[in-house]
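Peer 1: Sequence and predicted structure, then a few things I'm wondering about:
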Amino acid sequence: MADFRSLGLNDKLLNSIAEMGWTEPTPIQIETVPAGLSGQDILAQAQTGTGKTGSYALIVLSRTRSGSRKPTTLVLAPTRELAVQVREEIYKLSKYTGHRCIPVYGGASIGEQARGLREGADIVVGTPGRLKDMITRGHLDLSEIKEVVLDEADRMLDMGFADELDFIMDSVPAERHTLLFSATMADSIRHIALKRMRSPVEISVSKDEPVSDLVTQYWVPLPRGVKMERLETILANGCPKAVVFCQTKKMVDLLADRLSDRFKVGTLHGDIPQTQRERTVRGFRGDRFQVLIATDVAARGLDINSIDLVVNFDIPADPESYVHRIGRTGRAGKEGTAISFVTKPEEYLIRRYERETGKRIMKMTAEDIPSAGTMVIDDRVSASGGRRRRISYDGPKKGAVRYAAPVARY
Ligand code: AMP
């Protein structure tokens, strides 16, 4: 079994890794860290939840010194949420190396971010729009950049940041080390690799199994009009920590309105001011909220490991979004459940997503969701190693569903 030391990391990083409780590297870390440390450009296909942030953070923290006057590492991320999370992970990993990392994203004071940069930063993590703005206004000097990371590159293109990416990549020194991470390997990503990287080594850890075995997937056939009622029933069955995905901002607000009498609810969507969104994510992490209702973009990269349940209140129309949403649960070794509400015309999507994820999506009828009972989801791993999940009900007690009960081994 590989350990972090064998990847070639120094003692300072090994200490912070140990303090973070990471006992062994994830597959993407095993593959990328040695190649990255040797200076090879890397084109990596990896989803959120695989430990990709740790991969590139460890590489750049190893390859650059702290205390530089101008930044030496630039990390580009599609959303503010991801930028903040990346910054937090780098902050923890750099505890003993002393690197200073500054996040730069829209929706927050440009003056304050500029001041942070003036005071000195080794690593800048930012969203493409704000980074371009900072460069144009002369707040960000990229002349000393040695390491460039493009995180969730496919998402940056999807969000329409191609011009900003070009501008930023034209602004960093040609002599540099480039790491690109993307959940998918579309032609547009290969094009960037070809244009902006030097014979990158291609690494993929999730091609065959993009969805974790730890996520059990269900779908519920239902007419649109009963979705709200079903959701309330599911949430009322105990108190799973849940993320509910909706297709529109309006629906997020509507659901929050309806549910907030009974549940501690937080919302995330593009119209909510940035500071409030950050507060909501912290509140959810810290158990101030039980239920987070979100649209796709706002929840991109959401890094919370203790989510028991993902509900697709509206099933997304594309596989990438589906995989991304259900990947919010079943993280860091914990079991998770994903339930999708599906109206008749949407049923074909289930077969498509089964094909896409290579996993069974089990049908759960309205009767499987007891109106006031205790639903026990019981996972067993059989002697042959296969996983079996049984749903049973504990009579008409109000309250307590035990979601994703501990895995019983026999
Ligand atoms: P990411 O794929 O970067 O979104 O990481 C997903 C989560 O896994 C984050 O909470 C990381 O802190 C955590 N993580 C990353 N690497 C490891 C590791 N080697 N062992 C345990 N947890 C890890």
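Peer 2: Nice, thanks for sending it over.
Peer 1: list the contacts for residue 26?
Peer 2: Residue 26 sits next to 50, 51, 54, 55, 205 when contact means C-beta atoms under 8 Å, 6 or more residues apart in numbering. For every residue, glycine as well, the C-beta is placed using N, CA and C.
Peer 1: Neighbour-wise, which one of the residues you listed leads?
Peer 2: Across the contacts of residue 26, neighbour numbers were computed from other C-beta atoms under 10 Å; residue 55 holds the maximum, 29 neighbours.
Peer 1: ok, now how distant is it from residue 120?
Peer 2: 26 Å (C-beta to C-beta, to the nearest Å).
Peer 1: Enumerate every residue touching the residue nearest to residue 212 when sequence neighbours are not counted.
Peer 2: If the residues on either side of it in the chain are set aside, residue 212 comes closest to residue 330, at 4.3 Å by C-beta to C-beta, 6 or more residues apart in numbering. Each residue near residue 330 by C-beta under 8 Å, 6+ apart is listed here: 49, 212, 213, 214, 215, 336.
Peer 1: what about residue 330, distance to residue 215?
Peer 2: As judged by C-beta to C-beta, residue 330 and residue 215 stand 4 Å apart.
Peer 1: now residue 45
Peer 2: Applying C-beta to C-beta to residue 45 and residue 215 gives a distance of 19 Å.
Peer 1: sorry, back to before: out of the contacts of residue 330, which are close to the ligand?
Peer 2: Subset of those in contact with the ligand: residue 49, counting by C-beta under 6 Å from any ligand atom.
Peer 1: which pair in the contacts of residue 330 spans the largest distance?
Peer 2: 49 and 213 (12.5 Å; C-beta to C-beta).
Peer 1: the more surrounded of these two?
Peer 2: Under the neighbour definition other C-beta under 10 Å, residue 49 and residue 213 were set side by side, and residue 49 has more, 21 against 10.
Peer 1: Next, that one: secondary structure please.
Peer 2: What DSSP: H, G, I helix; E, B strand; the rest coil gives for residue 49 is coil.
Peer 1: Okay, and the beta partners of the residue lying closest to residue 326 once chain neighbours are set aside?
Peer 2: Setting aside the residues directly before and after it, residue 326 is nearest to residue 338 in space (C-beta to C-beta, 6+ apart), at 3.9 Å. Note on residue 338: beta-bridge partners by DSSP bridges are residue 217, residue 310.
Peer 1: Is residue 338 in contact with residue 215, as I believe?
Peer 2: Yes. Under the criterion of C-beta atoms under 8 Å, residue 338 makes contact with residue 215 at 5.5 Å.
Peer 1: Now do the shared contacts for the two.
Peer 2: 326, 329.
Peer 1: So for those two, which sits in the more crowded spot?
Peer 2: Between residue 338 and residue 215, counted using other C-beta under 10 Å, residue 338 has the larger neighbour count: 25 against 21.
Peer 1: Spell out which residues belonging to this protein are near the ligand, please.
Peer 2: By C-beta under 6 Å from any ligand atom, the residues of the chain that approach the ligand are 22, 25-26, 29, 48-54, 89, 303, 305, 332.
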